[in-house]
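>>> Below: sequence and its predicted model.
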Amino acid sequence: MADIQLKSLTKRWGAFVGLKPMDLHIGDGEFLVLLGPSGCGKTTTMRMIAGLEDASGGDILIGGKRVNDLEPKDRDIAMVFQSYGLYPTMTVYENIRFPLKVRGIPEAEHHDRVMRAARTVELTEFLDRKPAALSGGQRQRVALARAIVRKPKVFLMDEPLSNLDAKLRVSTRAQIKNLHHELRTTTIYVTHDQIEAMTLADRVVVMSRGEVQQVGTPLEIYDRPANTFVAGFIGSPAMNLMQGTLKGGVFEAEHVRIPGLAGPDGPVTLGFRAEDASIAATGEIAAPIYAMELLGDA
Ligand SMILES: Nc1ncnc2c1ncn2[C@@H]1O[C@H](COP(=O)(O)OP(=O)(O)OP(=O)(O)O)[C@@H](O)[C@H]1O
């Protein structure tokens, strides 16, 4: 087990910035989700942690040790991707066993460890099959078993559910959650799906255009979005946003006046979640309002 520290981690390709300096501490045993729209830099961040991509700047520490110059195989991490990456000519058993062979784990241990991993993800009845004879969900479970069999310090998962149909996504998601509950391995999980993020994460990192927008628990980012990007991205339906000005703790927009808010005077965006909010004749927003935040612009 290990914590992970990212210190001013950056990625550039020529003039294009794929990741602006990112600082983050991921606790030992934490399940951290990187969430954001396509192209926001999630996979790039993950690939740098994995060692598949060089960082342009900054440091990556796993268990307190700087790993920037280590090969992926020497970082003690296991990866699970959207494309399962199984060996088609090997049986499920041999696929799960493969990492033990590669790493020179004593043969006497292999069988027990393969069987334990297979049991954890409920694959014991498929061990003699080749991947082609499995469903997508079963294949992804083989990939999970292969990741857990050698007990790495860290799991990196990049959209592991996106090839599965809706029903399988839900059940495999539950399995990943159980797996984490059982093993408590530090995990970084990439997705653009906010439901996945909200149900799996201890903390979520919301990203946009190569930049971290907010880091928080699912509830924090839902209730207290840091800016209008997060407010518009999280929740279905998204938070209602209203432009106006704040003066002496009173929010004012056309036909609307809401007293009792804290914040510096000036133009602001007011965000609120409401099932059926309506603006009363007095200009006040009628309840139910779940949360009300003054937001700086993203
Ligand atoms: N090798 C590369 N050279 C130049 N630009 C790249 C390279 N790899 C990625 N990018 C760019 O960096 C940005 C971030 O890409 P990244 O794959 O990290 O996004 P993402 O958030 O994982 O998106 P998606 O959800 O679509 O996978 C994108 O604009 C992408 O085009």
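Looks like it arrived, so ask away.

>>> Enumerate the residues of the stretch 101-250 of the chain near the ligand.
His192 (Cβ under 6 Å from any ligand atom). (Each C-beta comes from the backbone N, C-alpha and C, glycine too.)

>>> Residue of the stretch 101-250 of the chain closest to the ligand, please.
The stretch 101-250 of the chain approaches the ligand most closely through His192 (4.9 Å), counting by Cβ to the nearest ligand atom.

>>> how many neighbours does that residue have?
18 (other Cβ atoms under 10 Å).

>>> what's the spacing between Leu86 and Leu241?
Going from Leu86 to Leu241 by Cβ to Cβ, to the nearest Å gives 45 Å.

>>> Between these two, which has more neighbouring residues?
Leu86 (20 against 15).

>>> Show me what the residue nearest in space to the middle of the chain bridges to in the sheet.
The centroid of the chain falls nearest to Val33 when counting by Cα atoms, centre = their mean (1.8 Å). Following DSSP bridges, Val33 is listed with bridge partners Tyr189, Val204.

>>> tell me the contacts of it?
By Cβ atoms under 8 Å, 6 or more residues apart in numbering, the residues touching Val33 are 188-191, 196-197, 200-201, 203-205.

>>> any chance of those in a markdown table, plus neighbour count and pLDDT?
A markdown table is the format used below for these (neighbours: other Cβ atoms under 10 Å; pLDDT from 0 to 100):
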| residue | neighbour count | pLDDT |
| --- | --- | --- |
| Ile188 | 26 | 97 |
| Tyr189 | 26 | 96 |
| Val190 | 27 | 96 |
| Thr191 | 23 | 95 |
| Glu196 | 22 | 94 |
| Ala197 | 24 | 95 |
| Leu200 | 23 | 96 |
| Ala201 | 22 | 97 |
| Arg203 | 18 | 98 |
| Val204 | 29 | 98 |
| Val205 | 24 | 98 |
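
>>> May I see these organised as CSV, with distance to Asn178 added?
As requested, the contacts of Val33 are exported to CSV (distance: Cβ to Cβ, whole Å):
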residue, distance to Asn178
Ile188, 18
Tyr189, 14
Val190, 20
Thr191, 18
Glu196, 15
Ala197, 18
Leu200, 11
Ala201, 15
Arg203, 19
Val204, 20
Val205, 23
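
>>> picking up where we left off before, I'd like the distance between the residue of the stretch 101-250 of the chain closest to the ligand and Ala166.
15 Å.

>>> cool, Leu123 as well?
22 Å.

>>> These two: which has the busier surroundings?
Neighbour count, other Cβ under 10 Å: between Leu123 and Ala166, Leu123 has more, with 22 against 7.

>>> my read: the more buried one touches Asn95, true?
No - with contact defined as Cβ atoms under 8 Å, Leu123 does not count as touching Asn95 (10.1 Å).

>>> shared neighbours of the two, anything?
Residues touching both Leu123 and Asn95 (Cβ under 8 Å, 6+ apart): Val142.

>>> and the top helix by length along the chain, what does it pack onto?
Assignment by DSSP state H gives helix 166-183 as the longest helix of the chain. Packing partners of helix 166-183 (3 or more Cβ pairs under 8 Å, 6 or more residues apart in numbering; DSSP states H and E): helix 136-148, helix 194-200.

>>> Could you rerun that using 10 Å?
Here helix 166-183 touches strand 31-35, helix 107-120, helix 136-148, strand 154-158, strand 186-191, helix 194-200, going by 3 or more Cβ pairs under 10 Å, 6 or more residues apart in numbering; DSSP states H and E.

>>> can you tell me which residues contact Ser208?
Residues counted as contacts of Ser208 (Cβ atoms under 10 Å, 6 or more residues apart in numbering) are 35-37, 39-41, 214, 227, 229-230, 233, 298.

>>> Tell me, domain by domain, which residues of this structure belong where.
Domains of the chain are assigned by automatic domain parsing as 4-223, 239-295.

>>> Need the winner for burial among the ones you listed.
Among the domains of the chain, domain 4-223 has the highest mean neighbour count (mean count of other Cβ atoms under 10 Å), at a mean of 18.

>>> low-confidence ranges in the stretch 1-150 of the chain?
When residues are selected by pLDDT under 70, those of the stretch 1-150 of the chain lie in 1.

>>> can you give me the helices for it?
Along the stretch 1-150 of the chain, the stretches classed as helices by DSSP state H, counting those that start in this stretch are 42-50, 92-102, 107-120, 136-148.

>>> Report the angle between the first one and strand 31-35.
On the basis of axes from the mean of the first three to the mean of the last three Cα atoms, to 10 degrees, helix 42-50 is oriented at 140 degrees to strand 31-35.
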